[in-house]
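In: Pasting the sequence and the predicted model now:
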Amino acid sequence: MASAIPGPGSIAPLLFVRGGARAVTFYQAAFGAVEAYRVEDPSGAVVARMELNRAEFWVSDESTAHGNFSPETLNGGTVRMILTVPDPDAAFARAIAAGAREICAVCEQYGWRLGQVVDPFGHRWEIGRPLA
């Protein structure tokens, strides 16, 4: 059995979207994410690193020429983001107020207090916390 790569590491998703600048603004409003790094090319395409509490994720305009497709282009996504927060009800309401669409209201299921939204760019987010 192979061992893990030595040394500290991390993993962070990179979300491809149509309208990277709008997505950064949405994630700030919906989740309180902080933009920690940003590159913008002359066309307006954005790559940004977002920080959310101690976690991070990246946002980038899609580039179909490079095989980087948004859920809008694919007519659905291939991953679901799981956002663990102390108060899922408040975080869920904030996401809805910022423009997310409810998929499943917050309730108790699978040992979690959990709800699901889809953001305006087609990415699904589960917002919850484990039950004690």
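Out: Everything's here; your move.

In: those strands in the protein, which residues are they?
Out: Ranges of strands in the chain, per DSSP state E, are 14-17, 34-40, 46-52, 55-61, 80-84, 101-109, 112-118, 124-130.

In: Which one, of those strands, ends up nearest to Phe69?
Out: Distance to Phe69, taken as Cβ to Cβ, is lowest for strand 14-17 among the strands of the chain, at 6.1 Å. Placement of C-beta: from N, CA and C, glycine included.

In: tell me what that closest one is packed against?
Out: In terms of contacts (3 or more Cβ pairs under 8 Å, 6 or more residues apart in numbering; DSSP states H and E), strand 14-17 is packed against strand 55-61.

In: Just the buried positions in the strand it packs on, please.
Out: By neighbour count, with 16 or more other Cβ atoms under 10 Å as the criterion, the buried positions of strand 55-61 are Glu56, Phe57, Val59, Ser60, Asp61.

In: Of the strands of the chain, give the one that comes closest to Ser70.
Out: Per Cβ to Cβ, nearest to Ser70 of the strands of the chain: strand 14-17, 4.7 Å.
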